[in-house]
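[1] Build me a structure from this.
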Amino acid sequence: MRQVDRIQDFLQRLLPLTRSNLLTELERMEACGADMPGAAKVLSKLRAEFYKNGQTQDRLGHPAHYFFAPLDPLLTDGSSEHANSGRILRASLFPIWEWISRDLLPTMARDYLKDMNELIAAGDQRKARLAAATFQTKVVKSLEGRLGSPDGADQVRARLATYTASPAAYLDLTKMMFVLRARDALARFNEALPPTIKKFDDAQVAKMTALLNAFRKANAEEIAFALALVATRLKTPWELLRVATRGAPNRNASDIAAGPYAIAVSMVLDRVEDKQSTLRVALRNNRVMVAKEILAEIYDTEHAMQTAIDLRDRSSWGERLDHLMNEVTALVEAEVSRFPDNVGHILGSRRHRRRSLAGQLRNAVSGGTAFCKKLIGPREKSRA
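    Here you go, the predicted model:
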C-alpha cells in the first residue's frame, strides 16, 4: 500500500501533459517487449486517468479520430525500432496529435475541436467528415512548408521528441503527410480491392498490378501505401513478393530492385522483423505455443524469399534477412538451452535449423571454401 501511495504521489507531481507522455512511452516500450519491472502499477494509474471505460481509443477523442480516419487501414502495432514501409504505427498518433494541437497549428486546432464537437453532438456525420478533410488539408500544407527545408525538419523533429522518444514518430509524421495528401486516391484504390484474396495466383497478381499501375501514374510517392492495402487482403502476407518479382527478367535481386514495386520486398522483411520482436515477447512470457506459430511464419517467409529471389550476390535484402534469421536463431537457442538435454522442448526440432542450404551458401560466398564446408558439414552429418 505504501508503494502505491508513493507512485500516486510521484504521478501527481507531474504535469498532465507529462503524465500523458509517460503513458505513451510506457505503452510503446510494452509493445516492443521491453523489460519494465514495476511498470504495471504506473500503467494502471495512468490508464485509469486517461482512458474512459478501459477503451484505449478514447484517449485521442472523436475529433482526432475523424482527422486520422484515412490512416486507419494502414495502422500497425509493430515495433518502433525499425521502419514499417507503407505502414504507420498506431502508437505514433497520440504524440503527433499533441504536436499538431500545441505546436503546428494551435489556433486552428482549437477551432477544429470546437466545431467538430458541435457537429458530432448534432450527429451531422457529413459535415464532420468535411470539417476533418478541411483541417487535414491545412495540416498538410503547413507540414509541406515546415519539412521543406533541413532547418524546418530539424525543428519539427526536436519538438516532436518532447512528446515521445519513439524513433519512428518523425517518419510516421512524414508518412501521414503523404497519406493525407493522397487520401482520395488511396480511398478509391482501397474500394477497388476485393475484401480478401484467398489465392494470390497469377491472375490475381495481374489484376493487382494493373490497379497499382493506374494508381502509380499520379501517386508514385504513395505507392508503398497502396501496396500495404493489398497486403491487408492477403491470406499469406509474404505473397506480396509476387508483385515485386512479376515482370522481372530473372530472379536476380538487382533486377527486381530496379522494378516499380521493389519496396514490397522490404515490406515483407519489415513483417519478419515485427514477428521477431513478437517472438521475443512470447518467449519472455513463456508463451511457447504462440512462439511456435510465430516461428512457422518466419521460416515460411524466409523460404519464400529464397525461392523468389536469388540472394547470393550479397544484396541488402539478403544481408537483412541473414541478420534477422541469426537473431531468431539466437532467441530459439537461448530458449531451448534453458532445459536439460534429456528434456524435450517443443522448439527443439528447430534449434539447429539456422537457414536453408541456399542461405548457408550465401553466407559462405565471402568466407571461402573452408567456411562453406564448416557450415554444410554438420548439416550433412546430422542427416546421416
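[2] Three-state assignment for residue 174, please.
    The local conformation at residue 174, judged by DSSP: H, G, I helix; E, B strand; the rest coil, is helix.
[3] roughly how far apart are it and residue 283?
    Per CB to CB, to the nearest Å, residue 174 is found 34 Å from residue 283. In short, each C-beta sits where N, CA and C put it, glycine included.
[4] now do residue 328
    From residue 328 to residue 283 the distance is 11 Å (CB to CB).
[5] just residue 191 next, same as before
    Taking CB to CB, one finds residue 191 at 40 Å from residue 283.
[6] Setting aside sequence neighbours, what's the nearest residue to residue 204?
    Nearest residue to residue 204 in three dimensions, chain neighbours excluded: residue 197, at 5.8 Å (CB to CB, 6 or more residues apart in numbering).
[7] same deal with residue 313?
    Closest to residue 313 by CB to CB, 6+ apart is residue 253, at 6.1 Å.
[8] residue contacts, that neighbour?
    309, 310, 311, 313, 315, 317, 318 (CB atoms under 8 Å, 6 or more residues apart in numbering).
[9] Among those residues, name the buried ones.
    Neighbour counting with 16 or more other CB atoms under 10 Å marks 309, 310, 311, 315, 317, 318 as buried within the contacts of residue 253.
[10] Could you single out the nearest of the residues you listed to residue 124?
    residue 317 (49.3 Å; CB to CB).
[11] That closest one belongs to a helix?
    Yes. The assignment for residue 317 is a helix, going by three-state DSSP.
[12] Thought residue 255 was touching residue 262, still the case?
    No. Applying CB atoms under 8 Å as the test, residue 262 and residue 255 come out as separate, 9.7 Å apart.
[13] Which secondary structure element of this structure has the lowest mean pLDDT?
    Across the helices and strands of the chain, mean pLDDT, DSSP states H and E gives its lowest value to helix 368-383, namely a mean of 41.
[14] which stretches of the stretch 1-150 of the chain aren't confidently modelled?
    1-18, 20-21, 24-25, 27-38, 43, 46, 48-50, 52-60 (pLDDT under 70).
[15] just the helices in the stretch 1-150 of the chain please.
    2-12, 16-31, 39-50, 62-68, 93-99, 106-122, 125-146, 150-160 (DSSP state H, counting those that start in this stretch).
[16] packing partners for the last one?
    Just to be clear, that refers to helix 150-160. On a contact count with 3 or more CB pairs under 8 Å, 6 or more residues apart in numbering; DSSP states H and E, helix 150-160 meets helix 93-99, helix 125-146, helix 169-181.
[17] Tell me which of those lies nearest to residue 74.
    helix 169-181 (6.5 Å).
[18] helices and strands around whichever helix or strand comes after that closest one, which ones?
    Using DSSP states H and E, the helix or strand that follows helix 169-181 in sequence is helix 183-192. In terms of contacts (3+ CB pairs under 8 Å, 6+ apart), helix 183-192 is packed against helix 202-216, helix 223-231.
[19] Can you give me the distance of the residue nearest to residue 204 to residue 203?
    Remark: distance between residue 197 and residue 203 (CB to CB) = 11 Å.
[20] So the two - more neighbours on which side?
    residue 197 (20 against 9; other CB atoms under 10 Å).
[21] Is the more buried one in contact with residue 232, as I believe?
    No. If you go by CB under 8 Å, residue 197 and residue 232 don't touch, sitting 9.7 Å apart.
[22] Enumerate the positions of stretch 129-137 that are buried.
    131, 132, 133, 135, 136.
[23] For the residues you listed, give me JSON lines that also has distance to residue 272.
    Converted to JSON lines, the buried residues of stretch 129-137 look like this (distance: CB to CB, whole Å):
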{"residue": "131", "distance to residue 272": "41"}
{"residue": "132", "distance to residue 272": "35"}
{"residue": "133", "distance to residue 272": "36"}
{"residue": "135", "distance to residue 272": "37"}
{"residue": "136", "distance to residue 272": "33"}
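[24] if we can go back for a sec, could you dump the contacts of residue 253 into TSV with pLDDT and distance to residue 165 added?
    Below are the contacts of residue 253 laid out as TSV (pLDDT from 0 to 100; distance: CB to CB, whole Å):
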residue	pLDDT	distance to residue 165
309	95	35
310	93	40
311	88	34
313	73	38
315	87	32
317	95	29
318	94	32
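[25] Would you mind giving the residues you listed as a markdown table with distance to residue 87 added?
    What follows is the contacts of residue 253, written out as a markdown table (distance: CB to CB, whole Å):
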| residue | distance to residue 87 |
| --- | --- |
| 309 | 22 |
| 310 | 27 |
| 311 | 24 |
| 313 | 28 |
| 315 | 23 |
| 317 | 18 |
| 318 | 23 |
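[26] Just give me the closest of the residues you listed to residue 100.
    Closest to residue 100 out of the contacts of residue 253 is residue 317 (35.4 Å), distances taken as CB to CB.
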